[in-house]
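J.: generate coordinates for the sequence data below:
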Amino acid sequence: MRSISGGVIWVLLAPLLYAGMSISAKLAGTYLSVWQIGVGRFVFGLLVVPIIVWSLGLNLWGRQRYLLTLRGLCGSVAFLLLVASFKRIPLSLAMVLFYLYPAFTTLLSPWITGEPPAKSSWLLIGSAFIGTSLILWPHEASATLNAGHLFAVIASVLCALTLLLVRRLGKDNNIYTLFFYLCITGTLAGLGPLLMQDTAILPQSSAAWVSAAAVAIFSIAAQLTINQALIRIPAATVSIMMTAEVPLIAAFGVLYLGEPLSWRLIVGASLIFGSGVGLNLLPAKSD
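T.: The predicted model follows:
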């Protein structure tokens, strides 16, 4: 169904499935290492995506393979860093910091895609970084800053690079080829550390296997769902709807995991969240 109503269904499902992927990755950290979670996700994609591509009669390997590989590397490392941040800081905080990526996307777009941002976007970018400073600035009740905070921010930067490269590559490559390269580079990036880790390479319990499967299934479902949404709904609308992932995950972290909720996190998250929505609403270039 290619109607607008069908697109609305897909665009509503996408943030739910991405939230499910992030939540399952957080819970999987109890049983699995970062490398087990990452390689499990990417290997599953390597098995599924070629079947979809061949059934649709599409080109799997695509064009501009150097950029495809670079895009895949940025996306896969971003995922691994985000999962690593889940192990070190609260889930809700990690996702709020990760959602700085609209601001980084706007900052980097002139160099990657040649699209200068609208002048009014600088106010929103500043608002996003003020929100970040409010959350991370040391205060009496704050947690000690650690590598988890840095991992989430770097993942955000890499996510921005990934989105900009997708914009360049999407003209000459199908969406499944883009995801296939993500899975190839992610598998290669995580396989070496996985083989060298001190703990067992494969999951050692049924709960661990279920956790790995949940991350992989949510990942594939989320990717295919957002692709279906982008076919039917303008990209800016999809981007705005995807920000629903933040309050969904934050609510899970606070209500289910018992993560702390301070006024600094609420105000800072509101600034970051609002800036992300605003940046997606702005035109690429002001007159």
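J.: so where's the stretch 51-200 of the chain shaky on pLDDT?
T.: 138-143 (pLDDT under 70).
J.: over to residue 117. Which of the three states is it?
T.: coil (DSSP: H, G, I helix; E, B strand; the rest coil).
J.: would you confirm that it contacts residue 105?
T.: No. When contacts are counted by CB atoms under 8 Å, residue 117 is not listed as touching residue 105 (9.1 Å). C-beta coordinates here come from the backbone N, C-alpha and C atoms, glycine included.
J.: more neighbours: these two, which one.
T.: residue 105 (25 against 21; other CB atoms under 10 Å).
J.: what's that one sitting at in phi/psi?
T.: phi -60, psi -40 (degrees, to the nearest 10).
J.: check the gap between it and residue 206 for me.
T.: 40 Å (CB to CB, to the nearest Å).
J.: for residue 86, what are its contacts?
T.: Contacts for residue 86 (CB atoms under 8 Å, 6 or more residues apart in numbering) come out as 22, 25-26, 29, 94, 148.
J.: at 10 Å what do you get?
T.: 22-23, 25-29, 34, 37, 93-95, 148, 151-152 (CB atoms under 10 Å, 6 or more residues apart in numbering).
J.: count the residues that sit near residue 121.
T.: Neighbours around residue 121, by other CB under 10 Å: 23.
J.: nope, residue 110 is what I was after
T.: 12.
J.: likewise the one 5 residues further on?
T.: One way to gauge burial is a neighbour count; for residue 115, by other CB under 10 Å, it gives 13.
J.: can you show me the helices along the chain?
T.: Along the chain, the segments classed as helices by DSSP state H run 4-28, 34-56, 65-86, 91-98, 101-112, 121-136, 147-169, 175-196, 206-232, 235-242, 245-255, 263-281.
J.: and the residue nearest to residue 189 when sequence neighbours are not counted, how close does it get to residue 156?
T.: Distance criterion CB to CB, 6 or more residues apart in numbering; nearest residue to residue 189, sequence neighbours excluded, is residue 76 at 5.3 Å. Distance of residue 76 to residue 156, given as CB to CB: 15 Å.
J.: do residue 29 as well
T.: 19 Å.
J.: residue 52 touches residue 183, doesn't it?
T.: No. Counting by CB atoms under 10 Å, residue 52 sits too far from residue 183 to count as a contact (12.0 Å).
J.: now the common contact residues for these two.
T.: Common neighbours of residue 52 and residue 183 (CB under 10 Å, 6+ apart) are residue 220.
J.: out of those two, which sits in the busier spot?
T.: A count of neighbours by other CB under 10 Å puts residue 183 above the other of residue 52 and residue 183, at 25 against 15.
J.: wait, doesn't that one sit right on residue 47?
T.: Yes. Using CB under 10 Å, residue 183 is in contact with residue 47, at 8.9 Å.
J.: which residues are in contact with each of these two?
T.: residue 220.
J.: who's more crowded, residue 29 and residue 156?
T.: A side-by-side neighbour count of residue 29 and residue 156, using other CB under 10 Å, places residue 156 first with 23 against 19.
J.: any idea how far that one lies from residue 167?
T.: 17 Å.
J.: next one: residue 224
T.: 19 Å.
J.: one more: residue 9?
T.: 25 Å.
J.: ok, residue 240 next?
T.: Taken as CB to CB, the span from residue 240 to residue 167 is 17 Å.
J.: tell me which of the two has more neighbours.
T.: Legend: neighbour count by other CB under 10 Å for residue 240 and residue 167, higher for residue 240 (18 against 15).
J.: how about that one: what's its closest non-neighbour residue?
T.: residue 280 is the one closest to residue 240 (CB to CB, 6+ apart), at 4.9 Å.
J.: neighbours around the one you found, how many?
T.: That count, for residue 280 with other CB under 10 Å as the rule, works out to 20.
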